[in-house]
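Novice: Need coordinates for the following:
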Amino acid sequence: MEFSKSLSENVEQLKKILQSDKNFDIVYRTFDIAGKKAALFFVDGFTKDEVLLKMMQSWWAIKEEDMPGDAHGFSKKYLPYGEIGLVKKEEDMLVQLLAGISCLFIDGFDICMTIDCRTYPARSVGEPEKDKVMRGSRDGFVETLIFNTALIRRRIRDPKLTMEILTAGESSHTDIAICYMEGRQDKDLLEKVKGRIQTMKVDALTMNQESLAECLYPHKWYNPFPKFKFSERPDTAAACILEGNIVILVDNSPAAMILPSSVFDIIEEADDYYFPPITGTYLRLSRMATAVLCLLLTPTWLLLMMNPGFIPPWLEFVQLADPYYVPLIWQLLILEFAIDGLRLAAINTPNMLTTPLSVIAGIVLGEYSVKSGWFNSETMLYMAFVTVANYSQSSFELGYALKFMRVLILILTSLFNVWGYVVGVVLSICAIVFNKTIAGKSYIYPLIPFQWKELKKRFLRGRLPVTGQGKD
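Specialist: Okay, here's the model as predicted:
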């Protein structure tokens, strides 16, 4: 629906749609500009009041003989601001207004003039809690989209850096920025992603990027291994863009979605590149080894306890020193779920109580649970290692995928002994091997298809290039 030239009709229509008599934060002001009635609509809390005040003062100084006859002339002459626009349709104007843009109507003009002097409540761009580094940049993404794009622009000062804006959600109209380097991105993947976002049938992206990820990749939900890499670090996002990846930023989300992403991409961390090659290689290899231990340590120990004859002489110390009263499989499964319960409790514990409750939990659940006979000290030791080692992965999704596979192997091992262990390991490998990226390519590239030169880069951190693309 297009606007009328009658200001009163436009105002009454908008007051009815926006329910301004009920919504206290929907504000409109009526005043005169050079003898013509005018109305300004804006959302309280989303505008820079000082900017609007100065612009209104300039409008009041306009004389009748200087007043242009149309909105185009008025916007060019009397809207002294950097970001302005002209909107003809009511639907487009409502989306922009509710996003924080101020809208000006003048009697006799059938076009709405928009003034983007909005400001959003935002926290500081401090270092993210999860993606911390020992050396390097200490800034991180926040919930405001424009801040996040600026953090990337600050690092890539190249006109080929492209940031396209799309919206999704019939009710939320959430802004989505697609960032890539023109000429380096996978064009087919870019068109596929844009097409899926534009044809997406969803009421709102209530969970921000997770809602978007499930819409972009709706298949194979049963495979727990992540299809995307998430990062709250602008330096990581900028490096991935320079490598030819596509980065998706969603308004209200402090993380970047990086695609396509293989399992090797997800394992990588910024610290691998903030240290010299030999140190970065060590950090990367140790993280990969830790991931394997997280998956296989407790199932392998359970298999050895079920088959003492398999234990070589140099590993005899892993046997239980004390008798156990609860079957080992139940001890391990109870601890798996108990650790998640403690993790959730830690998230919801007030900061002032974190330390004393941690001490109590450590004493009660550690020492007394062993003395009571519920758990053996060896079981507690191996589960403690797995829990701590799980945090070596920067990706929460990858950590939980390893956990689910570990529990599967434990259950199969307890039921079918050696064959169960073998089947569990094979299923875990298949879950990784047969997984696909959103581009439809191998999840374990460059292993499949095999590319030795690229594979070497995944394991060994080489020197950073002086020129050219990529990090290795």
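Novice: make it CA atoms for all contacts and neighbour counts henceforth
Specialist: Will do.
Novice: For the stretch 251-400 of the chain, which segments are assigned as helices?
Specialist: Remark: helices assigned in the stretch 251-400 of the chain by DSSP state H, counting those that start in this stretch are 263-267, 271-274, 277-306, 328-348, 351-362, 369-371, 377-390, 396-433.
Novice: weakest of the ones you listed in terms of mean pLDDT?
Specialist: When the helices of the stretch 251-400 of the chain are compared by mean pLDDT, helix 351-362 comes last with a mean of 69.
Novice: that older thread, go through the helices of the stretch 251-400 of the chain and name the closest to Leu7.
Specialist: Among the helices of the stretch 251-400 of the chain, helix 328-348 comes nearest to Leu7, with 51.8 Å by CA to CA.
Novice: how far out from the middle of the chain is that closest one?
Specialist: Relative to the chain's own centre, helix 328-348 is displaced by 26 Å; criterion: CA atoms, centre = their mean, to the nearest Å.
Novice: Which strands and helices lie in contact with that helix?
Specialist: Helix 328-348 sits against helix 277-306, helix 377-390, helix 396-433, with contacts defined as 3 or more CA pairs under 8 Å, 6 or more residues apart in numbering; DSSP states H and E.
Novice: Now do that helix and helix 277-306, the angle between them.
Specialist: 140 degrees (axes from the mean of the first three to the mean of the last three CA atoms, to 10 degrees).
Novice: Need the contact partners of helix 328-348.
Specialist: With contact meaning CA atoms under 8 Å, 6 or more residues apart in numbering, helix 328-348 is reached by 298, 302, 354, 374-375, 379-380, 383, 387, 407, 410-411, 414.
Novice: quick one: which two of those are the most distant?
Specialist: Pairwise over the contacts of helix 328-348, using CA to CA, the maximum falls at Thr354 and Ser414, 36.2 Å.
Novice: want to try JSON lines for the helices and strands packed on helix 328-348, with mean neighbour count and distance to Thr236 as columns?
Specialist: Formatted as JSON lines, those follow (neighbours: other CA atoms under 10 Å; distance: least, CA to CA, whole Å):
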{"stretch": "helix 277-306", "mean neighbour count": "18", "distance to Thr236": "15"}
{"stretch": "helix 377-390", "mean neighbour count": "17", "distance to Thr236": "21"}
{"stretch": "helix 396-433", "mean neighbour count": "18", "distance to Thr236": "17"}
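Novice: Now tabulate those helices in CSV and tack on distance to Pro350.
Specialist: As requested, the helices and strands packed on helix 328-348 are arranged in CSV below (distance: least, CA to CA, whole Å):
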stretch, distance to Pro350
helix 277-306, 30
helix 377-390, 22
helix 396-433, 22
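Novice: returning to that earlier point: show me which of the contacts of helix 328-348 is closest to Ala99.
Specialist: Once CA to CA is applied, the member of the contacts of helix 328-348 that ends up nearest Ala99 is Thr354, at 38.2 Å.
Novice: Lowest mean pLDDT among the helices and strands, pick that one out for the chain.
Specialist: Scoring the helices and strands of the chain by mean pLDDT, DSSP states H and E places helix 351-362 at the bottom, with a mean of 69.
Novice: possible to save the contacts of helix 328-348 as JSON lines with distance to Phe141?
Specialist: Shown next, in JSON lines, are the contacts of helix 328-348 (distance: CA to CA, whole Å):
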{"residue": "Thr298", "distance to Phe141": "37"}
{"residue": "Leu302", "distance to Phe141": "43"}
{"residue": "Thr354", "distance to Phe141": "26"}
{"residue": "Trp374", "distance to Phe141": "44"}
{"residue": "Phe375", "distance to Phe141": "43"}
{"residue": "Thr379", "distance to Phe141": "40"}
{"residue": "Met380", "distance to Phe141": "37"}
{"residue": "Met383", "distance to Phe141": "33"}
{"residue": "Thr387", "distance to Phe141": "27"}
{"residue": "Val407", "distance to Phe141": "34"}
{"residue": "Leu410", "distance to Phe141": "38"}
{"residue": "Ile411", "distance to Phe141": "40"}
{"residue": "Ser414", "distance to Phe141": "44"}
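Novice: Which one, of the helices of the stretch 251-400 of the chain, ends up nearest to Phe459?
Specialist: Here helix 277-306 is closest among the helices of the stretch 251-400 of the chain (CA to CA), at 6.6 Å.
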